[in-house]
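Asker: for reference, the sequence and a predicted model appear below.
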Amino acid sequence: MTAKFDIIKRRYWWFVFSAFLIIPGLISIAVQGFNLGIDFTGGTLLDLQFDRPVSVYEVREALKEHQLENSTIQLAGTGQGDKAQNVFIRTKILTEEERKAVANDLNTKVGQFEVLRIEKVGAVIGSELTRQAAIAVLISCLVMIGYISWRFEFKFAVSGIAALLHDVIVVLGVFSLLQKEIDATFVAAILTIVGYSINDTIVIFDRIRENLKTHRRSESFADMVNRSIWQVMTRSIYTVLTVLMAVVALYLFGGETTKTFSFALLIGILSGCYSSIFNASPIWVTWKEIADRKRLQARAKGA
Amino acid sequence: MRWGNFTSFLVVVLAIIIVSGIYMYPLALSIKQGLDLQGGTHVVLEAVDTPDAKVDEDAVQRVVKIIERRVNELGLTEPIIQRQGERRIIVELPGVKDPEKAIEMIGKTALLEFQDESGNTVLTGKDLKDAKAQIDQSNRNLVSLEFSQEGAEKFADLTRKNVGKHIAILLDKQMLTNPVVEEPISGGKAVITGNRSIEEAQRIAILLRSGSLPVKMEILETRTVGPTLGQDSKDKSEFAFAVSIIAIVVFMLLFYRLSGFVANVALLMYILLLLVIMKMLNATLTLPGIAGIILSMGMAVDTSVLIFERFKEEYRGGKTLRAAMDAGFHRAFATIIDSHVTTLIAAAVLFVLGTGPVKGFAVTLGIGILLSLFTAITATRFMLKMLMNANIFKNGKIFGA
C-alpha cells in the first residue's frame, strides 16, 4: 500500500481532539444540565374549539412566533380528516402573559375559538423510563463486551465500547451545550447511535483481525492498523455518506416534531464514523503497545 | 452467452418489483400505527371522593402507577398517561378500534373481596401475590389466585372456620362466584370460576395483578385524537423518508452500477418482508420502531457496500469476475456476521429489559438485522450469480469494479 496519511501515528492528536469534543459537553451537562421538553417536565394543555375546521399546520405556524412550534398539536373529535374544530395543544408551561399573547395570535391568524380547558399537565415520560433505558443500554454494552471479547479479544471490546460511549457523550454534550430541547424521540435516537457506532467499529476491527493473521514482524502494530483502516476507508466513507444522506433528508424535510430526533442522529452518526476511525483502533494500538512493552520489560527483568 | 440464466434473473427481479409494487403500499397502510403516528383515543378520568376514600396527592399518584400497569398489561404500545391538574388523569391509547372495553377496564376500581356468610370481608386484593387466567381440564375459564404469605394464612383460617358454608368472592361489590368450602385450603392458592369467556378471565386477572385503585375514578370524557407528532410533521417526514430512500437507491446505482441495482432490488425485498413480518406479529409501528428500521436499513446498505468493496479489491487483484464476486461474499461474510450479531445482541438485551419506546426500537431492529442478513447476502448473491452466469456482461466496470 502506498504511503497514506498516517492516522495511527497522529493518534494523540485525535485523543486530544476527542477530549475537546467531550469535556465541554461534560462540563455543560454537570453545570447547566439538559433542556428537558414537555415530555419530561409536563406543561400546559390547551383544549380549543375553533369556529371553523383548522389544520395542525395552521396552528403550528401561528405558534412559531412564540417559539412553540415543537409543541404537541393534535386534532380531536370524531370523524376528523386533515382539519377539525377541536384542537389539543400541549406546550411548555406558559405564564399568564404568554398565554394571552398566544391566544391573541391564534385568534388573528387561525380564527375565533372558545377555550374548553387550560390546565397544567404532568410529564409523559417518568424518570423511571429514562433510568430503565439507561440501564438497558449499559447492560447491552456489557453483553457486547462479552461477545466481542470472545470473537476478537478483550482489548478490542473495551476500545469499541469506549468509542460508542464517546459518541453518546458527544450527542448528550451537544444537546446540553446548545440547550436544545430533549423530547421523547431522543431516546430512540440515542439507541440508533449506539447501534450504528458499534457496527461501524466492528468492521474496522474485523479488518485488523484479518491482517493480524498474516502480520509480519517487520511491520509494527501501528503500521498494520493504519493499513487496515485505509483498506476499509472507502467503505467507511460510502456507508456514512448513504446514512448521512438519509438523515440529512429527514432533518431538512421532516416535520418540526422530528427535528430533535434527526438532529441527534446527524451528530451521532458523524461522531460514530469519526470515532470508529480515529478513536477505536488507536485506543487498541496504544493499549497493545503498552502491554507489549510491559511484557518485554518483565522478560528483560526475568533474564 | 447463456440466455437462460439471464431470463431467470429478469424473472426474479421483475417478480420482486411487481409483487412490491402491488402489495407494498396496502401492506404498509394495514400495519397498526402508534399514538405518535396515527393518534388514538383521549380519555380524561377524575378522582372523586367517596365516604370510604378521600382523594389526596398520594392516592392520585398511585392511581397513575396502577393505570400504567393496566395499560401495559393490555399490550397497548406506548400510551400517554399524564396528570392533568390536581385530580385528573389523561390516558391516550393508540388506535384502539373498540376503545370501550379498554377504557372501562382502566377506570375500574377492581377491589377484590372474600366474604364469609355473615358478610365480613376477610381478605382483599392486597393479600394477592399473583393472578392468572387459565382453562382447566373440564374446559372452565378460571382465574387462578396465589396469595401472599400473610394472605395464605388468612385464607387457610377462613376456610377452616367455614367448612360446609359459602364464601363469596366479589369484585367491586359484585359477586363473581360463591362456592361452598369442602375442606380447609392451606396451600395459599384459590381459583375464581364462573367466567363467561377466557377473555373475561384474562381481564379480571390483569385487574387483580395491577391492584385496585385507592380512590374511585370517573370517566369524564372520551375523544378521538390525531397523531401526537402532528399530522403536518407526519406528512413531511413521510416525504423526507421517501427522499432518503431515493438518495440511497441513486447512490448505489451510481457507485456500484449493476451490482448496485441488484442491491436495490434486495433492499426492496427487505422492506416488503419487514412489512410482512410486522403484519404477522401484529406489531404496532411507532417512531422508535422506525428508528430501528432506519438503522437496520443502514446496516443492509453497509453490507452491500462491504461486499462490493471487497469484490473490487479482489477483482483488481487479478481474479475473474465470478471468482472475485465469490471471494467478496465469502470474505465480507465474516465481517458482516460479527457486526450483525453484536448489534443483534444489543437489540435482544434492549427487548428483554426495555419498556415502551426501547422495546419498540428493539423489535424492528432485531427483525431488520435478521432480514438484512438474508436479503443483502443470500438474495443479492443469488441474483448476482445468475447475472454473471449469463455471461452477457463481461466487463468488471458494469458491476462497479
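Answerer: Yep, that arrived.
Asker: residue contacts, the residue of the stretch 151-300 of chain A found nearest chain B?
Answerer: Closest residue of the stretch 151-300 of chain A to chain B, Cβ to the nearest Cβ: residue A:255 (2.3 Å). Every C-beta, even on glycine, is put in place using the N, C-alpha and C of the backbone. Each residue near residue A:255 by Cβ atoms under 8 Å, 6 or more residues apart in numbering or on different chains is listed here: B:229-230, B:232-237.
Asker: within reach of chain A, which of those residues are there?
Answerer: With Cβ under 8 Å from any Cβ of the partner chain as the criterion, the contacts of residue A:255 include B:229-230, B:232-237 near chain A.
Asker: with distance to residue A:189, pLDDT and neighbour count added, can I get the residues you listed in a markdown table?
Answerer: Formatted as a markdown table, the ones next to chain A among the contacts of residue A:255 follow (distance: Cβ to Cβ, whole Å; pLDDT from 0 to 100; neighbours: other Cβ atoms under 10 Å in any protein chain shown):
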| residue | distance to residue A:189 | pLDDT | neighbour count |
| --- | --- | --- | --- |
| B:229 | 14 | 92 | 30 |
| B:230 | 18 | 91 | 28 |
| B:232 | 21 | 91 | 22 |
| B:233 | 15 | 91 | 25 |
| B:234 | 17 | 89 | 24 |
| B:235 | 21 | 90 | 14 |
| B:236 | 18 | 92 | 21 |
| B:237 | 14 | 91 | 25 |
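Asker: returning to what we had before: dump the contacts of residue A:255 to JSON lines, plus distance to residue B:279.
Answerer: Shown next, in JSON lines, are the contacts of residue A:255 (distance: Cβ to Cβ, whole Å):
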{"residue": "B:229", "distance to residue B:279": "22"}
{"residue": "B:230", "distance to residue B:279": "26"}
{"residue": "B:232", "distance to residue B:279": "27"}
{"residue": "B:233", "distance to residue B:279": "25"}
{"residue": "B:234", "distance to residue B:279": "20"}
{"residue": "B:235", "distance to residue B:279": "23"}
{"residue": "B:236", "distance to residue B:279": "26"}
{"residue": "B:237", "distance to residue B:279": "21"}
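Asker: helices - which of the ones next to chain A among the contacts of residue A:255 land there?
Answerer: Using DSSP state H, the subset of the ones next to chain A among the contacts of residue A:255 located in helices is B:232-237.
Asker: that older thread, from the ones next to chain A among the contacts of residue A:255, which is closest to residue B:8?
Answerer: The closest of the ones next to chain A among the contacts of residue A:255 to residue B:8 turns out to be residue B:237 (Cβ to Cβ; 38.9 Å).
Asker: what's the burial count for residue A:173?
Answerer: Using other Cβ atoms under 10 Å in any protein chain shown, residue A:173 is surrounded by 21 other residues.
Asker: next one: residue B:291
Answerer: Using other Cβ under 10 Å, residue B:291 has 26 other residues around it.
Asker: tell me where chain A has helices.
Answerer: Applying DSSP H to chain A gives helices spanning A:11-31, A:38-41, A:56-64, A:96-109, A:127-151, A:154-177, A:185-213, A:221-231, A:233-253, A:259-275, A:281-302.
Asker: closest to residue B:384 out of the ones you listed?
Answerer: helix A:233-253 (18.0 Å).
Asker: so which elements touch that closest one?
Answerer: Under the contact criterion of 3 or more Cβ pairs under 8 Å, 6 or more residues apart in numbering or on different chains; DSSP states H and E, helix A:233-253 touches helix A:185-213, helix A:259-275, helix B:231-280, helix B:287-316.
Asker: apply 6 Å and report the result again.
Answerer: In this structure, helix A:233-253 packs against helix A:259-275, helix B:231-280, helix B:287-316, with contacts taken as 3 or more Cβ pairs under 6 Å, 6 or more residues apart in numbering or on different chains; DSSP states H and E.
Asker: next SSE after the last one?
Answerer: If I follow you right, that is helix B:287-316. Sequence-wise, the next helix or strand downstream of helix B:287-316 (DSSP states H and E) is helix B:321-353.
Asker: next, see if that following helix gets close to chain A.
Answerer: Yes: against chain A, helix B:321-353 shows contacts by Cβ under 6 Å from any Cβ of the partner chain at B:335, B:338-339, B:342-343, B:345-346, B:349-350, B:353.
Asker: who are the packing partners of whatever helix or strand comes next after that helix?
Answerer: Using DSSP H and E, the next helix or strand after helix B:321-353 towards the C-terminus is helix B:356-373. When contacts are defined as 3+ Cβ pairs under 6 Å, 6+ apart, helix B:356-373 packs onto helix A:185-213, helix B:231-280, helix B:287-316, helix B:321-353.
Asker: starting at the chain centroid, how far to helix B:356-373?
Answerer: 10 Å (Cα atoms, centre = their mean, to the nearest Å).
Asker: okay, the angle between that helix and helix B:287-316?
Answerer: 30 degrees (axes from the mean of the first three to the mean of the last three Cα atoms, to 10 degrees).
Asker: partners of the strand ranked longest in chain A, with directions?
Answerer: If you go by DSSP state E, chain A has its longest strand at strand A:43-55. Strand A:43-55 sits in its sheet next to strand A:83-91 (antiparallel), strand A:113-121 (antiparallel), going by DSSP bridges.
Asker: now the last one and helix A:96-109, what's the angle there?
Answerer: In this case it means strand A:113-121. Using the same axes, to 10 degrees: strand A:113-121 against helix A:96-109 is 150 degrees.
Asker: buried sites along strand A:113-121?
Answerer: Residues A:113, A:121 are the ones in strand A:113-121 that count as buried (16 or more other Cβ atoms under 10 Å in any protein chain shown).
Asker: nearest spatial neighbour of residue B:140, skipping sequence neighbours?
Answerer: Spatial nearest neighbour of residue B:140, excluding adjacent residues (Cβ to Cβ, 6 or more residues apart in numbering or on different chains): residue B:193 at 5.7 Å.
Asker: is it correct that that neighbour is in contact with residue B:177?
Answerer: Yes: with contacts counted by Cβ atoms under 6 Å, residue B:193 reaches residue B:177, the gap being 5.4 Å.
Asker: how is the chain partitioned into domains?
Answerer: The chain I'm using is chain A. A:11-36+A:126-296, A:43-121 (automatic domain parsing).
Asker: that's the wrong chain, I meant chain B
Answerer: Following automatic domain parsing, chain B resolves into domains at B:3-34+B:229-399, B:40-225.
Asker: pLDDT at the closest residue in space to residue A:284 that isn't next to it in sequence, what is it?
Answerer: Closest residue to residue A:284 apart from its sequence neighbours, by Cβ to Cβ, 6+ apart: residue A:159 at 4.3 Å. Listed pLDDT for residue A:159 reads 97.
Asker: can you name the residues that contact residue A:159?
Answerer: Residue A:159 makes contact with A:280, A:283-284, according to Cβ atoms under 6 Å, 6 or more residues apart in numbering or on different chains.
Asker: distance of it from residue B:340?
Answerer: Here residue A:159 is placed at a distance of 20 Å from residue B:340 (Cβ to Cβ, to the nearest Å).
Asker: show me the shaky parts of the chain.
Answerer: Going with chain A. A:1-3, A:78-80, A:303 (pLDDT under 70).
Asker: I was after chain B.
Answerer: Residues of chain B that meet the criterion pLDDT under 70 lie in B:1-2, B:96-98.
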